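1. I'd like to go over a predicted model; first the sequence, then the structure.
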Amino acid sequence: MNDVSKDFGSSGTPPVVDSYAHPLMDAILSESASLLSTIPEGRRLLALSKERNYKIKVISGREPDFRYVSEDTAYLVCPLNTKAVDLDVMALIYGLAIYELEQPSIGIYRAGFDPSQKHILFAQLLDITIKMCQIVGEFEDVDNSTKLVDYLTKLGHSELYRGFRLGKSKEELTKIYSVIVNAV
């Protein structure tokens, strides 16, 4: 866990609440936004979120993640024990949640729960995974840390990240991503 804030990092396990809302939501959002604001794409996404009045909330869960809820709302998922969470990962997830809300406005449509739309889902997931590579690359450039690169490796996207950093074309990245997805 980063030492960015004593409130976030030393919180341990907060008391259980009646809803899924994370009791440290404000601290998580504030600290994640602060970290995200250190990179160019993070600043763009935060400004977009403010301009479009996106609603980002934090709920409790097992693993850091994000969920699209509606055209203007997404949830970050954060474990209750924040000592087990890396703030860099939460900042990445915050940026990806904003980007997922942006996707329809740039022509990346959402797939329904219809198996015939799996090509749309593939395009959406490929796009957001490439955005993840961009954000991780910017963090790596800013702080020379491989922490998020290690996180990408854990997710199985190290080959895609390497291809992205080498400047491979969208077609080449699509082939790499297709191999990753079909191997699972």
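-> Thanks, I have it.
2. Could you use CA atoms for every contact and neighbour count after this?
-> Fine.
3. Residue 138 versus the spatially most central residue of the chain, what's the distance?
-> Here the mean C-alpha position of the chain is nearest to the C-alpha of residue 93 (C-alpha atoms, centre = their mean), at a distance of 2.3 Å. Using C-alpha to C-alpha, to the nearest Å, we find residue 93 at a distance of 14 Å from residue 138.
4. Please state the offset of stretch 119-137 from the chain centre?
-> Centroid separation for stretch 119-137 versus its chain: 10 Å, with C-alpha atoms, centre = their mean, to the nearest Å.
5. Dihedrals phi and psi, the nearest residue to residue 53 once chain neighbours are set aside?
-> With C-alpha to C-alpha, 6 or more residues apart in numbering as the measure, residue 72 is the residue that lies nearest to residue 53, at 7.3 Å, once sequence neighbours are left out. Dihedral angles phi and psi of residue 72 (degrees, to the nearest 10) take the values phi -130, psi 10.
6. ok, now residue 168?
-> phi -60, psi 150.
7. now the strands for this protein?
-> According to DSSP state E, the chain carries its strands in the segments 55-60, 65-70, 73-78.
8. and the end-to-end length of stretch 141-161?
-> Using C-alpha to C-alpha, the end-to-end distance of stretch 141-161 comes out at 14 Å.
9. Same question for stretch 105-122.
-> For stretch 105-122, the first and last residues are 18 Å from each other (C-alpha to C-alpha).
10. start the count at 602, not 1, going forward
-> Happy to do that; since the first residue is 602 now, the last one works out to stretch 706-723.
11. what packs against the longest helix anywhere in the chain?
-> Taking DSSP state H as the assignment, the helix of the chain that covers the most residues is helix 719-744. Under the contact criterion of 3 or more C-alpha pairs under 8 Å, 6 or more residues apart in numbering; DSSP states H and E, helix 719-744 touches helix 641-652, helix 688-703, helix 748-756, helix 759-766.
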